[in-house]
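Chemist: Task: produce atomic coordinates for the following.
(one chain, ligands or ions: 1)
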Amino acid sequence: MTTATRGTGQQGGQQGGPQAVLTPLSFSGEGSWAYDPAPERVRPTIRGRYGLFIGGEFVDPAGGKWFASVNPATDETICEVGEAGEADVDRAVKAARDALPGWRAMPAKERGKLLYRVARRLQERARELAVLETMDGGKPIRESRDVDIPLAAAHFFYHAGWADKLRFAFAGRTPEPVGVCGQIIPWNFPLLMAAWKVAPALACGNTVVLKPAETTPLTALVLGEICREVGIPAGVVNIVTGAGATGAAIVNHPGIDKIAFTGSTDVGKLIARSVAGTKKKLTLELGGKSPNIIFEDASIDQAIEGIIQGIYFNQGHVCCAGSRLFVQESVLPEVVAKLEHRLTSLRVGDPLDKNTDVGAINSKAQLATIEKYLDAGRGEGARLHEVNGSALPERGNWCRPCFFTGVQPSHRIAREEIFGPVLAVMSFRTPDEAITRANNTPYGLAAGVWTDKGSKIFEIASRLKAGVVWLNTYNKFDPASPFGGFKESGFGREGGMHGLRAYVRV
Ligand code: ADP
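Modeler: Residues are numbered from 1 along each chain as shown. Here you go, the predicted structure:
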C-alpha cells in the first residue's frame, strides 16, 4: 500500500537565481511519503560452502583456504567460498586446455544450442539469481531483477545466435578461436559481467577460466552450476574464486591465450604491463568519469530522471555512471532545485525491498573510498547537498545519495572515479565549452546529452570522446550494441559484432 502525500518542508537549498517552486519531500513527519515494506520473499537455498568450479566439478581449493562472502546490507556471512591459489588456477587452465579441442570441434550449431540453453536456464532461475545478486552485492532487488539478470540472459541468447554465423561476422575470413581465455570481472554487475565475458568466448569456440570479484562470487558459481546442468562439456567453463592474487595467477599463467579484464584502471594498467611482451591477447574495460550534459532547451524533468538513473540507482557502482553533470548556466538553478527535490524522494535501505532505490555500498573498503571523496570535495571548497533523509539500517554499508555544486574542474571529485552515489555538478555557457570540459578527462567510457534539438544531438555526440554516447537517455544496454572505452577507460569492445573480434583469430 502506498500513501503518497507531499510534506510541507523547508525549501531546498539552491544556487541563487530564480526560486523554484518545489515542495521537498521527506520521509519523516506528518504527511510524508510512506511506503509499506515490500520485501522479496524468495530465499534461495545457499550451501554453507562453495568450492572452485573446475573441470565440471566443485572442488576444494588445494591450499585449504576459504573466505566469507558477506551481505553488505547486513554484515552477515552468506557462505564461504574457496580461495584459489596458483595450483588451483593451474588446474583450471589445464581443464580448459583439455576441453578446448572437443569444444572447437563441436558443430557450431550445437554450441549455439548449449548457449541458448544457458540463456533459458538463467531465465528459469531468474528470481533466485536476482535475490542472490542482491544479497551478495547490495544492489536493489529492482535492479538485479529488472536489469542484471534479464540482460545476462539476453547476452547468452544473442551469442547463441552468433555461434554458427561467425563467418558472416568476418566475411571472407575464417575465424578461429583464440584458445583458453582468462576472464577477470568486478563486483558491480557480477552475473552480467560474467555473461558479457563467457557468452562471446564460448560462441567463438574458446574455453574459459573466469574469476568473479571476491565480494560477489555467488551468481558466477551458479552460472557454473547452470553450465553443467545444461550439458556444456566439463572444463569448457571453469570458475575460480579469490582476490587479486588469484587474478594475478590467471594473468601470469603461461597456458592462457587471452585476458579479458573489467575493473579499476590501476589494476588494468598492472595487467597490461604483465601481459606486455607475451603472446596473450588483451582487452580492458576500465574506469570512467562520464559526463552528462544538460542544455537549456532540454526537457529538464526527463533529464533529471536520466541523471538519477545514471548515478544513483545502483549506488553509483557503474563504471559508466554519469558522475559529472554539466548544466547550461541559464537552467542551473532549476536543475539544482529539481535534483534536490528528486533526491529527497529516493529510498535508501534494505536492497531486498522492492521499493528501494539505493541499496548498500558493496564493501566497507568501497564505503571508505566514497567517504574519502566526500571529505575531499568539502575540503576543496565544493558545496555538498545532502538532502536525502532516509533512515539508514543500523548494520551494513550505506551512503545517502548526494551531490556537489561549486565544483572546479581541478577538484578531485571532478577528476577521479568515486564509484558511489555522488555527483559533481558544474555549469557551462556554450556548446563548445561543454564539449571541451566533458572531454577534459583521462577517461572516455560513456557520455549523456540532453537537448531537444536534433542537430545539436548529432554535432555534440560526434565530438564527445566516449565509447558510448546516450542521447536523451542514460544507462541503456543491449547485447547487440558494443560497449567499451577510449583513453584510460580501456580498449576493445564487448557486445555486438565488435565484441566477437576479441575472441577470434582471423
Ligand atoms: P574494483 O575497484 O572495481 O574492485 P579491481 O580492479 O580492484 O576493481 O577488481 C576487479 C577485479 O580484478 C576483481 O576480480 C579483483 O579480484 C581483480 N584483481 C585485483 N587485483 C588484481 C591483480 N593484481 N591482478 C589480477 N586481477 C586483480
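
Chemist: C-alpha only now, for contacts and for neighbours.
Modeler: OK.

Chemist: who touches Gly112 in this structure?
Modeler: His159, Ala160, Gly161, Trp162, Ala163, Asp164, Ala203 (C-alpha atoms under 8 Å, 6 or more residues apart in numbering).

Chemist: Please apply the same query to Ala502.
Modeler: Lys281, Thr283, Gly492, Arg493.

Chemist: so how far is Arg493 from it?
Modeler: 8 Å (C-alpha to C-alpha, to the nearest Å).

Chemist: ok so, going back, go through the contacts of Gly112 and name the one nearest Val425.
Modeler: Nearest to Val425 among the contacts of Gly112 is His159, at 38.8 Å by C-alpha to C-alpha.

Chemist: Let me see the contact set for the closest one.
Modeler: Residues near His159 by C-alpha under 8 Å, 6+ apart: Gly112, Leu115, Ala199, Pro200, Ala203.

Chemist: Just name the closest of those to the ligand, please.
Modeler: Distance to the ligand across the contacts of His159 (C-alpha to the nearest ligand atom) is lowest for Ala199, with 18.0 Å.

Chemist: On the three-state scheme, the closest residue to that closest one other than its chain neighbours is what?
Modeler: Spatial nearest neighbour of Ala199, chain neighbours left out: Phe156 (5.4 Å); criterion: C-alpha to C-alpha, 6 or more residues apart in numbering. What DSSP: H, G, I helix; E, B strand; the rest coil gives for Phe156 is helix.

Chemist: What segments of the stretch 101-250 of the chain are strands?
Modeler: 176-177, 180-184, 207-211, 237-239 (DSSP state E, counting those that start in this stretch).

Chemist: In contact with Val59: list those residues for me.
Modeler: Val59 sits next to Gly51, Leu52, Phe53 when contact means C-alpha under 8 Å, 6+ apart.

Chemist: Dump the strands of the stretch 101-250 of the chain into TSV; add mean neighbour count and distance to the ligand as well.
Modeler: As requested, the strands of the stretch 101-250 of the chain are exported to TSV (neighbours: other C-alpha atoms under 10 Å; distance: least, C-alpha to the nearest ligand atom, whole Å):
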stretch	mean neighbour count	distance to the ligand
strand 176-177	18	23
strand 180-184	29	5
strand 207-211	29	6
strand 237-239	28	12
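
Chemist: Output the ones you listed in CSV; the columns should cover mean pLDDT.
Modeler: Formatted as CSV, those follow (pLDDT from 0 to 100):
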stretch, mean pLDDT
strand 176-177, 96
strand 180-184, 98
strand 207-211, 98
strand 237-239, 98
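
Chemist: thought the residue nearest to Ala199 was touching Arg111?
Modeler: No. Counting by C-alpha atoms under 8 Å, Phe156 does not reach Arg111; the two are 11.4 Å apart.

Chemist: if you count what's nearby, which of these two comes out ahead?
Modeler: Phe156 (28 against 24; other C-alpha atoms under 10 Å).

Chemist: Distance check, the more buried one against the ligand.
Modeler: Using C-alpha to the nearest ligand atom, to the nearest Å, we find Phe156 at a distance of 21 Å from the ligand.

Chemist: Over to Leu286?
Modeler: Using C-alpha to the nearest ligand atom, one obtains 8 Å as the distance from Leu286 to the ligand.

Chemist: That residue contacts Lys487, correct?
Modeler: No. Judged on C-alpha under 8 Å, Leu286 makes no contact with Lys487 at a distance of 9.7 Å.

Chemist: Between the two, which has more neighbouring residues?
Modeler: Between Leu286 and Lys487, counted using other C-alpha under 10 Å, the more crowded position is Leu286 (27 against 16).

Chemist: Which pLDDT value goes with that one?
Modeler: If you check Leu286, the pLDDT there is 91.

Chemist: switch to numbering from 239
Modeler: Let's use 239 as the start, then, which means that last one is Leu524.

Chemist: Quick one: residues contacting it.
Modeler: Contacts of Leu524 (C-alpha under 8 Å, 6+ apart): Thr500, Gly501, Ser502, Thr503, Gly506, Cys557, Gly723, Glu726, Ser727, Gly728.
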